[in-house]
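Asker: following is a predicted model, sequence given first.
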Amino acid sequence: MVSDAVMVGVLTFIGTALATGAGFWQWQRTQAREARATYRAQRVDGLREVWEALSSFEEAQRMSMAHPDAATEPEAGRLAQINLLLLRRSPFLRSDEQEWAQAFTQCLTEIDALLRAGVNEDRPTGWWVRSIELPPGTHVASTAAYQLRTLRRKLGERYAAVTKGEHE
């Protein structure tokens, strides 16, 4: 039969191995939790930056249309900044969020180009004009405005959900 000393040694080894295994498992869980928390914080920061950049771009576009004489940053510079931001933050943005942000800038650019081209300038003015005929660019501008509103809502809802922790 096995002596008591050997049996105590084997049981001690098994107990030590189990305690070490449990400790290692707990350490891995802690590391994974910390990594998820770090990723989530960076994701929230990335979405916040994208949201603020898009809002700033939209505000600048509206201000440039309301006050065409005011000095505003060139559109190409803002687009480049937003594209670089999307590239820099792409590891933390989902593909649909990137597509929404790019479509958002595209809609703003279309609306700006149409308004600068003078969508309504070909239309006669005066109280006597009673025509349902619309200028050719009106449909394109209204479609882009609808898409812009939809994209703003989608991005805003996603940003709010991620900030609250309801969406990964």
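Answerer: Yep, it's here. Numbers count the residues shown, from 1 in each chain.
Asker: quick check: closest non-adjacent residue to residue 107.
Answerer: residue 148 (4.1 Å; Cβ to Cβ, 6 or more residues apart in numbering). C-beta: built from backbone N, CA, C; applies to glycine.
Asker: show me the contacts for the one you found.
Answerer: Residue 148 sits next to 58, 104, 107, 108, 111 when contact means Cβ atoms under 8 Å, 6 or more residues apart in numbering.
Asker: for the second one, the count of nearby residues, please.
Answerer: Other residues within reach of residue 104 by the criterion other Cβ atoms under 10 Å amount to 23.
Asker: was I right about it contacting residue 155?
Answerer: Yes: using Cβ atoms under 8 Å, residue 104 and residue 155 qualify as a contacting pair, with a distance of 6.8 Å.
Asker: what's the overlap in contacts for those two?
Answerer: With Cβ under 8 Å, 6+ apart, residue 104 and residue 155 have common neighbours residue 54.
Asker: max pairwise distance over the contacts of residue 148: which two?
Answerer: 104 and 111 (11.0 Å; Cβ to Cβ).
Asker: tally of neighbours for residue 23?
Answerer: Look at residue 23: counted by other Cβ under 10 Å, it has 10 neighbours.
Asker: secondary structure element for it?
Answerer: helix 4-66 (DSSP states H and E).
Asker: could you identify the helix or strand that succeeds that helix?
Answerer: Following helix 4-66 in sequence, per DSSP H and E, is helix 75-88.
Asker: how far off centre is that following helix?
Answerer: 13 Å (Cα atoms, centre = their mean, to the nearest Å).
Asker: and it, what's its mean pLDDT?
Answerer: The pLDDT scores in helix 75-88 average 86.
Asker: show me what secondary structure element comes after it.
Answerer: helix 95-117.
Asker: so what touches that next one?
Answerer: Under Cβ under 8 Å, 6+ apart, the answer for helix 95-117 is 47, 50, 54, 57-58, 61, 64-65, 75, 79, 82-83, 86, 90, 93, 137, 140-141, 144-145, 147-148, 151-152, 154-155, 158.
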